[in-house]
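Enquirer: all I have is the shape, not the residue letters:
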């Protein structure tokens, strides 16, 4: 009978408001971390993130919040994007 009650519920319903709030929280945490990276760019990077991204210890707290608020695949994706953007910027600055 318990199984019957479980299957009769609408488990396929997507809660878009929850997904939207989670995405907004992730974006805010991501932006805070990358903002910290920009502010602390003169400091020596000692911490290691995904995809070879290095960051200073001053940004450790914002990094932890970023990793807590976002899915690991999103963190990796955003880190990759950030590194690619920085690489292009360095190439343009060298010219």
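Expert: Perfect, thanks for sending it. No experiment lies behind these values; they were computed from the predicted model shown.

Enquirer: going forward, measure contacts between C-alpha atoms and count neighbours the same way
Expert: Will do.

Enquirer: centroid residue for the chain?
Expert: By Cα atoms, centre = their mean, the mean C-alpha position of the chain lies nearest to residue 75, the distance being 3.7 Å.

Enquirer: mind checking pLDDT for that one?
Expert: As predicted, residue 75 sits at a pLDDT of 94.

Enquirer: quick check: it touching residue 68?
Expert: No: in this structure, residue 75 is not within contact of residue 68 by Cα atoms under 8 Å, at 9.7 Å.

Enquirer: helices and strands of this protein: which one bottoms out on pLDDT?
Expert: Within the chain, confidence by mean pLDDT, DSSP states H and E is lowest for helix 2-8 among all helices and strands, at a mean of 51.

Enquirer: so what touches the next helix-or-strand element following it?
Expert: Toward the C-terminal end, the helix or strand that comes next after helix 2-8 (DSSP states H and E) is helix 16-39. If you take Cα atoms under 8 Å, 6 or more residues apart in numbering as the criterion, helix 16-39 is touched by 55, 56, 58, 59, 62, 63, 65, 66, 69, 70.

Enquirer: now do 10 Å
Expert: 40-41, 43, 45, 54-56, 58-71, 74-75, 78-79, 82 (Cα atoms under 10 Å, 6 or more residues apart in numbering).

Enquirer: show me those residues that map onto strands.
Expert: Among these, the residues falling in strands (DSSP state E) are 54, 55.

Enquirer: if we can go back for a sec, which residues does the residue nearest to the centre of the chain contact?
Expert: Residue 75 sits in contact with 26, 30, 49, 50, 51, 63, 66, 67, 68, 69, 81, where contact means Cα under 10 Å, 6+ apart.
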